[in-house]
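> got a predicted structure here, sequence first:
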Amino acid sequence: MIPGVRLILLGRQGAGKGTQCARLSRHYVVPHISTGDILRAAVAEGTDLGLKAKEIMDEGGLVPDDIMIGIVAERLQRPDASSRGHVLDGFPRTVPQAEALAEITLERPVEMVIDLEVPRELVLRRLAARRVCQDCGTNYTASGFEKSPWFCDVCGGDVVQRTDDTVEAINRRLDLYETQTKPLIDYYDRQGTLAVVDGVGTPDEVTTRLITVIETRRQVTTP
Ligand code: AMP
């Protein structure tokens, strides 16, 4: 049987977390749990959560911890995650979220936290060119030569720019990352679960690096 995994991927917006989490989720056959995707789905459906989250997201702010913790606690209880594990993308984003996650996962603790490291200048360039399928969330990079309208190769949905990928919102999110999310890297480093992986390179190169790090760590920690 393919072994599952219980993983968190950290990294600046635009570091390629979404793409790499989708790949790792296929490789280990575990759900890719992206809190950004969950919130965008709520916005698209116009639920109470979506109405609350939309304004915060468009400004590049953070949705309150208690709301996010509730969403993730519920999602991790579902059978796919409780039996095989998860690749968490976009959560935790603050130390209180990480502390709550440790409580939620007491019986099945997270095995490894990976910080996908890409410099700020490079993610700024990537985010300006980022496009996303409105329906399935597949990420694309615009070259400027795409047909308009642009349809997703995976599901045929509309490929658009995220409403929070404006220069102001991107800068705000990157600033928040430094103040709120960077402390998480120290938090997990102290716990001994952190690995830092270079996120610069082609998607295939980065996936190979990630899987190598996960497997190497497993060999070291498996008796
Ligand atoms: P992402 O797709 O991960 O970049 O998330 C998009 C937006 O959703 C973020 O800029 C936040 O406004 C919100 N969001 C996603 N995950 C979280 C989280 N764990 N805590 C607070 N806000 C979040």
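It's in. Numbers count the residues shown, from 1 in each chain.

> and the residue nearest the centre of the chain, what is it in contact with?
By C-alpha atoms, centre = their mean, the mean C-alpha position of the chain lies nearest to Asp89, the distance being 2.4 Å. Asp89 sits next to 9, 17-18, 21, 32-37 when contact means C-beta atoms under 8 Å, 6 or more residues apart in numbering. Yep, even glycine has a C-beta here, placed from its N, CA and C like the rest.

> now list the buried members of those residues.
9, 17-18, 21, 32-37 (16 or more other C-beta atoms under 10 Å).

> same for the ligand: which of these are within range?
Among these, the residues within reach of the ligand (C-beta under 6 Å from any ligand atom) are 35-36.

> close to the ligand: what parts of this structure are there?
Residues of the chain found near the ligand (C-beta under 6 Å from any ligand atom) are 13, 35-36, 39, 56-57, 60-63, 68, 90-91, 93, 97, 164, 173.

> biggest helix in this structure by residues?
Using DSSP state H, we find that the single longest helix of the chain is helix 203-221.

> thinking again about what came up before, would you mind measuring from the residue nearest to the centre of the chain to Gly16?
Applying C-beta to C-beta, to the nearest Å, the value for Asp89 to Gly16 is 11 Å.

> for the chain, which spans come out with low pLDDT?
In the predicted model, the chain carries pLDDT under 70 at residues 222-223.

> just the closest residue of it to the ligand, please.
Gly36 (2.0 Å; C-beta to the nearest ligand atom).

> for this protein, what spans make up the strands?
Using DSSP state E, the strands of the chain run over 5-10, 32-34, 85-89, 112-117, 130-133, 139-141, 159-160, 194-198.

> most packed of those?
Highest mean neighbour count of these: strand 85-89, a mean of 25 (counted as mean count of other C-beta atoms under 10 Å).

> neighbouring strands - and their directions - for it?
strand 5-10 (parallel), strand 32-34 (parallel) (DSSP bridges).

> between strand 112-117 and it, find me the angle.
Inter-element angle recorded for strand 85-89 and strand 112-117: 30 degrees (by axes from the mean of the first three to the mean of the last three C-alpha atoms, to 10 degrees).

> please save the CA atoms from strand 85-89 in PDB.
Extracted as PDB, the C-alpha positions of strand 85-89 are listed here (Å, rounded to 0.1, in the frame of the first residue of the first chain):
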ATOM      1  CA  GLY A  85      -3.200  12.100   6.300                       C
ATOM      2  CA  HIS A  86      -3.000  15.400   4.700                       C
ATOM      3  CA  VAL A  87      -1.000  18.100   2.900                       C
ATOM      4  CA  LEU A  88      -1.900  21.300   4.600                       C
ATOM      5  CA  ASP A  89      -1.500  24.400   2.500                       C
END
